[in-house]
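*Asks:* After the sequence you'll find the predicted model.
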Amino acid sequence: MEEIKLMKGNEAIAHAAIRYGTDGYFGYPITPQSEIMETLMAEMPWKTTGMVVLQAESEVAAINMVYGGAASGKRVMTSSSSPGISLKLEGISYMAGAELPCVIVNVMRGGPGLGTIQPSQADYFQTVKGGGHGDYRLITLAPYSVQEMADFVALGFDLAFAYSNPAMILADGIIGQMMEKVILPPFRQRKTEAEIRHESPWAVQGKLKDKKVNVITSLELDPALMEKNNNRFQAKYRQIEETEVRYEEYNCQDAEYLLIAFGSSARICMKAVELAREDGIRLGLLRPITLWPFPKKIIETYSTQVKGMLSVELNAGQMVEDVRLAVNGKVKVEHFGRLGGIVFTPDEIITALKEKLL
Amino acid sequence: MKQEIIIAGFGGQGVLSMGKILAYSGLMEGMEVSWMPSYGPEQRGGTANVTIILSDNPISSPILNEYDVAIILNQPSLDKFESKVKPGGFLIYDGYGIHGAIRRKDIHVYRVDAMDAATEMKNEKAFNMLILGGLLKVIPMVKLENVLKGLKKSLPERHHKLIPMNEVAIKKGMEIIREV
Amino acid sequence: MELTEIIKPENRVYGKPRLMNDNPMHYCPGCSHGVIHKLIAEVIEDMGMEEQTIGVSPVGCAVFAYNYIDIDWVEAAHGRAPAVATALKRLNREKMIFTYQGDGDLAAIGTAETIHAANRGENIVIVFVNNAIYGMTGGQMAPTTLEGMPSSTCPYGRDVALNGYPLKIADLLAQLEGTCLVTRQSVQTAAAVRKAKKMLRKAFENSMEGKGASVVEFVSTCSSGWKMTPDQSNKWMEANMFPFYPLGNLKNVE
Amino acid sequence: MAKIKGAVTVNTERCKGCDLCVVACPSDVLELHPREVNNRGYHYVYMKNPDQCIGCANCGLVCPDGCLTIYKAKLN
C-alpha cells in the first residue's frame, strides 16, 4: 500500500516533480510558493535521480533556464507567484512560439502590482487569454487539493510533451499553503538521451550524421511562413480544445442552480453546496479542472437544466466571461468574488447566490 | 466525528506547530485532516492562526465561517474569534494573554495557565504542548499514543529526544485545565 | 536626584528622529533595518532636506520603508529601484534621491539596474542592506549568502559547487567610473552607528554635489533567517560576515 | 566635581524586546521585563538600575525601533 503523507500543496509539487523524473527545476523565492524550491533543496534530488535544482537570480533568468533545458528535450519546470509570473511571460511566449514543453506553477496571490501575498485567482485572464504577446495558449490545470498538486505535475508534463506546448499549474495561496493527505506518485526513471532523441526528435541534442540540424527558435521574419507557423499552432490549440477538456461535477444531477468554481474556490463552494442543500436549495458545483481548454460544452449543456449559474472566483469577475460565452445568453450568469487576498466563506457564497439568482 | 478548530495567537507561540501535531495525530487515527495557516511577512511576532479540520469524511472547504473549538492565546485573537465559536462549542484560552472578559454564555469556556506552567517547567517551548494537553482533556479527539506518533512524524529526527518532554507537558496540560 | 528631574525636554540627548513616525515597524525584533532607517531619517533631517527627498523602496523586508520615514516615496518593482531613481533624479535635478535595497533586490534580480545606474554615474544614493539572506520570503539563499552558511534553499549550507560564490557586489561597483563613494558600514554597536551616519551623510551630500553614484552597504543581520537571537546575530556577523565583507571605504573620491 | 546622571524612557508599545540595548549598555542599567508583555506580546525593556545610568545613549543608538529616549543632566 502506498504511504499516506501529510504535506503542503507546495511540498507535494516538489516531491511529485522528483518522482516524475523531472530533469530540472529553476526558481526564485516569492511568497506563497517558496516551499517548492525549499523542499527540492532539502531533498537534494541531484544525489538520487540526478535532477538539477537551481536558485536563479531572477524569475526572468529562471524561465530562460527552463527555455534552455526544454530546448534539449528535458523535463524542466519553474514555479512562482503572480508578480514573478508576470516577469516570466516573455519567456513563456517564446516557449509557446518555439513549441517547447515545460511545466510552470503559479501559486497565485492578490494583485495588481505587488498586491498582497494572500490567496487570489486574479491571474485567470493572464493565464488563459495569453498573458504574454502573440497568439498563443497555455494548457492550464487548476488543482483543488494537495493530491491534485502532486498529480498535475505528471499530467502537466504529459500534456506539455504531447502537444509541445508549455503547461501551467494554476494554484493559489490556499492550495499551496494548506496541508492535507496525499499519496505521492511512484518514482519514474528520468529519460535517457536515446529516449529523448526518439521521443523528441526536434530537441537539440547534437546533430547526428544522418540527421538534419535542429534549431529552436520562435523567430520567422517571412510573414508567409510565420502565418503558416501560427496556423499550425492554432490547429494544435483546436485539437487540445477537442480532446483535453477536464472537469468535475458535484451534486449537479438534480441541480436547479449551479456554482462554477475552480481551485480553492471550488473547495469552499463544495461546503456551500452542502449548506445550501441542508437549506433545501438544489445547488450543484461544476469545477473546471482545465481552465484552458475551458469546459464550455458541459456548461452549455447545463444551461438548459438550471435556472442560474454563479461563477465564484477570488477575483473581480474573469472566468465568468467564459461561462457567459459558453451559455450564450441561455441562462442568467452572475459572478461572486472577493478581492485583495480576502477569501470568501461558504455562507457568503450562499448569501450571494440568494441575492443574485434566487 | 468532525472537529473544526482554530488556534490563534502570536507568532512564536507555536500556534502553527501545535496545529501540525494535531493534524498528524488525526492522520494517525486514520481521519481526514486539513491544516490551513494564515501566512504573513512577519517572521517573528505578529499574529498567527491555523484552521485544522479532523473528520471521518472527506473535507470540503479548508476555510470556515465558524468553529467547534477556538484556542485563543492572545487578546487580538479573542476579539476576532470569540463570536465565531458555534453555539455549544468550546473556547480554550491561556489566562496570561487575555486581558478582557469572555462574553459568550452559550459556549463552554476553559482556561489553561500554560504560560505559568511553562515558566515553572523552565521550558518556554512546552507552552503549546500544555495547551494541546488541555484541549485533549476537554475533547479527547485523538488518543495520546497517536499524538506521540504524530509528534514523531512532524518533528525532524534530531528533535525526537524532545518527545518525552512533550509528553510530560501534554499530561501537565490535562491536569491544569479548568472550566470557567 | 530624582528621575523626574533628569527627564526634561532640555536634558534630552537622544531619541527617535522626528522624521521617523509612530507607525510600529513590521521588522522582527533586533532587525538592522530599524537602525538604518533611523540614520537615514537623521541625515535627511540634519541636512534640512526633508522637503526635497524622495526615497525608492525595494521588494524585500524593506518594502514598507515608506510607512516609517515621513518623506515622499516610490515603491519599485523587485530589483528595479535604481532605474526608478534614475528617472526621478534626471527629471528632478534639485531633489535628493536614494534607493533602499536588500541583497536579493540589489545583487540578484536587480544586478543589471544596479550596475548600470552606478556606471552611468547617476547622482543618487544607493543604500544596500546586506544580511546574506532573503528575510521577507522566509530565509532563502541570497547572492551574498556566505559559503557554508545555511538558508532555507541551501539547508545544508551554501555549496559553491552548486550555488556559486557569494557576490561582493560593492567591490564590483567600486570598479565603475560612475561611482564616487562605495563604503561598507555596520550598525551593531553605538560606535559603528556613529561612523555609519557620517558616511551616509557624505553619500547624500555627494548626490547633491553631482559627483556620481554613492553606495553605502550595511553589513547587517537577520536574526529570524539566521535562527539566532539578535545579540548572537551581531556576534555571528562580526565573526563571519566581516572577514568576507570587510568594513571601510572601498572608494571615496573627494 | 559635577556628576553626570542619565535616564532612559521607553515607549513600551514600540519595544520588541530584542535585548540589543541591554547588551549595548555599559552600566547594566536595562533589563527586559521578565513577566510583563505589551499588547503585541513582547517583553519590553525597563530601567532595572536607574541610578547607574550615565546617559551615554548607546542603548538608543542601537535600538532598531526608536523606542528609547535618553536624558542627561549634570548633578552638582
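*Replies:* Good, I have the coordinates. Residues are numbered from 1 along each chain as shown, chains lettered A, B, ... in the order given.
*Asks:* Quick check: which element contains the residue nearest the centre of chain A?
*Replies:* The residue lying closest to the centre of chain A (C-alpha atoms, centre = their mean) is A:Ile169, at 2.5 Å. Assessed by DSSP states H and E, A:Ile169 sits inside strand A:166-172.
*Asks:* CA atoms of that strand as CSV?
*Replies:* Output in CSV follows, covering the C-alpha atoms of strand A:166-172 (Å, rounded to 0.1, in the frame of the first residue of the first chain):
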residue,chain,number,x,y,z
PRO,A,166,4.0,24.9,-22.1
ALA,A,167,1.6,23.8,-19.4
MET,A,168,0.6,25.9,-16.4
ILE,A,169,-0.5,24.6,-13.0
LEU,A,170,-2.6,27.5,-11.7
ALA,A,171,-2.9,27.1,-8.0
ASP,A,172,-3.3,29.7,-5.3
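*Asks:* and it, does that touch chain B?
*Replies:* No: using C-beta under 8 Å from any C-beta of the partner chain, strand A:166-172 stays clear of chain B, with a minimum separation of 11.7 Å. Where C-beta positions appear, they are placed from N, C-alpha and C, glycine not excepted.
*Asks:* what does that strand rub up against?
*Replies:* A:9, A:13, A:92, A:95-96, A:100-109, A:119-121, A:123-124, A:127, A:138-143, A:149, A:152-153, A:156-157, A:159-160, A:262-264, A:291, A:314 (C-beta atoms under 8 Å, 6 or more residues apart in numbering or on different chains).
*Asks:* Just the ones of those in strands?
*Replies:* Among the contacts of strand A:166-172, the residues falling in strands (DSSP state E) are A:Cys102, A:Val103, A:Ile104, A:Val105, A:Asn106, A:Val107, A:Met108, A:Ile139, A:Thr140, A:Leu141, A:Leu291.
*Asks:* Bridged to the fourth one, which residues?
*Replies:* Beta-bridge pairing for A:Val105 (DSSP bridges): A:Ser79, A:Ile169.
*Asks:* ok, it to chain B distance?
*Replies:* Distance, A:Val105 to chain B, by C-beta to the nearest C-beta, to the nearest Å: 17 Å.
*Asks:* quick one: pLDDT of C:Arg93?
*Replies:* Looking at C:Arg93, its pLDDT reads 96.
*Asks:* For it, give me phi and psi.
*Replies:* Dihedral angles of C:Arg93 (phi, psi; degrees, to the nearest 10) stand at phi -60, psi -30.
*Asks:* tally of neighbours for it?
*Replies:* 10 (other C-beta atoms under 10 Å in any protein chain shown).
*Asks:* Spit out the contact partners of it.
*Replies:* Taking C-beta under 8 Å, 6+ apart, one finds nothing in contact with C:Arg93.
*Asks:* quick one, phi/psi of the residue lying closest to C:Gly148 once chain neighbours are set aside?
*Replies:* Spatial nearest neighbour of C:Gly148, chain neighbours left out: C:Gly157 (4.3 Å); criterion: C-beta to C-beta, 6 or more residues apart in numbering or on different chains. Dihedral pair for C:Gly157: phi 100, psi 150, per degrees, to the nearest 10.
*Asks:* State the distance from C:Gly157 to chain B.
*Replies:* 16 Å.
*Asks:* Pretty sure C:Pro150 is one of the things that residue touches, is it not?
*Replies:* Yes: using C-beta atoms under 8 Å, C:Gly157 is in contact with C:Pro150, at 5.0 Å.
*Asks:* Neighbour count for those two, which is higher?
*Replies:* Neighbour count, other C-beta under 10 Å: between C:Gly157 and C:Pro150, C:Pro150 has more, with 18 against 14.
*Asks:* ok, C:Ile71 touching C:Leu19?
*Replies:* Yes: in terms of C-beta under 8 Å, C:Ile71 counts as a neighbour of C:Leu19; the distance is 6.6 Å.
*Asks:* Helices of the stretch 101-250 of chain C, residue ranges please.
*Replies:* Assignment of helices within the stretch 101-250 of chain C using DSSP state H, counting those that start in this stretch yields the ranges C:103-104, C:111-119, C:160-163, C:169-174, C:190-209, C:223-226, C:230-236, C:242-244.
*Asks:* now do chain A
*Replies:* For chain A, the helices defined by DSSP state H occupy A:9-20, A:35-43, A:59-71, A:82-97, A:124-128, A:146-163, A:173-177, A:193-199, A:223-243, A:263-278, A:296-302, A:319-327, A:346-356.
*Asks:* Would you mind finding the most buried of those?
*Replies:* Of all the helices of chain A, helix A:173-177 carries the top mean neighbour count, a mean of 29, counting by mean count of other C-beta atoms under 10 Å in any protein chain shown.
*Asks:* I'd like the mean pLDDT over it, please.
*Replies:* For helix A:173-177, mean pLDDT is 96.
*Asks:* same question, stretch A:335-347
*Replies:* So the average pLDDT for stretch A:335-347 ends up being 94.
*Asks:* same deal with stretch A:275-291?
*Replies:* Mean predicted lDDT for stretch A:275-291 stands at 97.
*Asks:* What of stretch B:110-130?
*Replies:* Rounded mean pLDDT across stretch B:110-130 is 91.
*Asks:* So what touches that stretch?
*Replies:* B:13-15, B:17-18, B:90-97, B:131, B:133-134, B:138, B:162, B:165-166, B:168-170, B:172-173, B:176-180.
*Asks:* Please name the spatially closest residue to the residue of chain B found nearest chain D (chain neighbours excluded).
*Replies:* The minimum distance from chain B to chain D, using C-beta to the nearest C-beta, falls at B:Phe10 (4.1 Å). Distances taken as C-beta to C-beta, 6+ apart place D:Gly41 nearest to B:Phe10, at 4.1 Å, with adjacent residues excluded.
*Asks:* go on, A:Arg197?
*Replies:* A:Gln205 is the one closest to A:Arg197 (C-beta to C-beta, 6+ apart), at 5.5 Å.
*Asks:* mind listing what the closest residue to A:Asn230 other than its chain neighbours touches?
*Replies:* Excluding its sequence neighbours, the residue lying closest to A:Asn230 (C-beta to C-beta, 6+ apart) is A:Asp135, at 6.0 Å. Residues near A:Asp135 by C-beta under 8 Å, 6+ apart: A:Asn230, A:Phe233, A:Gln234.
*Asks:* Could you single out the nearest of those to chain C?
*Replies:* Minimum distance to chain C across the contacts of A:Asp135 is 30.5 Å, recorded for A:Phe233 (C-beta to the nearest C-beta).
*Asks:* Now for that closest one: which residues touch it?
*Replies:* Applying C-beta under 8 Å, 6+ apart to A:Phe233 gives the contacts A:Ala96, A:Glu99, A:Asp135, A:Tyr136, A:Arg137.
*Asks:* B:Lys80 too?
*Replies:* B:Lys80 neighbours (C-beta under 8 Å, 6+ apart): B:Ala8.
*Asks:* Alpha carbons of the helix or strand hosting it, in CSV - could you do that?
*Replies:* Using DSSP H and E, B:Lys80 maps to helix B:75-81. Presented in CSV, the C-alpha positions along helix B:75-81 are these (Å, rounded to 0.1, in the frame of the first residue of the first chain):
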residue,chain,number,x,y,z
GLN,B,75,-6.3,39.3,23.1
PRO,B,76,-6.5,40.3,19.4
SER,B,77,-7.4,36.6,18.7
LEU,B,78,-10.1,36.7,21.3
ASP,B,79,-11.6,39.8,19.7
LYS,B,80,-11.5,38.2,16.3
PHE,B,81,-12.7,34.7,17.0
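*Asks:* does chain A sit close to whichever helix or strand comes after that helix?
*Replies:* Later in the chain than helix B:75-81, the nearest helix or strand by DSSP H and E is strand B:85-93. No: if you take C-beta under 8 Å from any C-beta as the test, strand B:85-93 misses chain A, and the best it gets is 12.6 Å.
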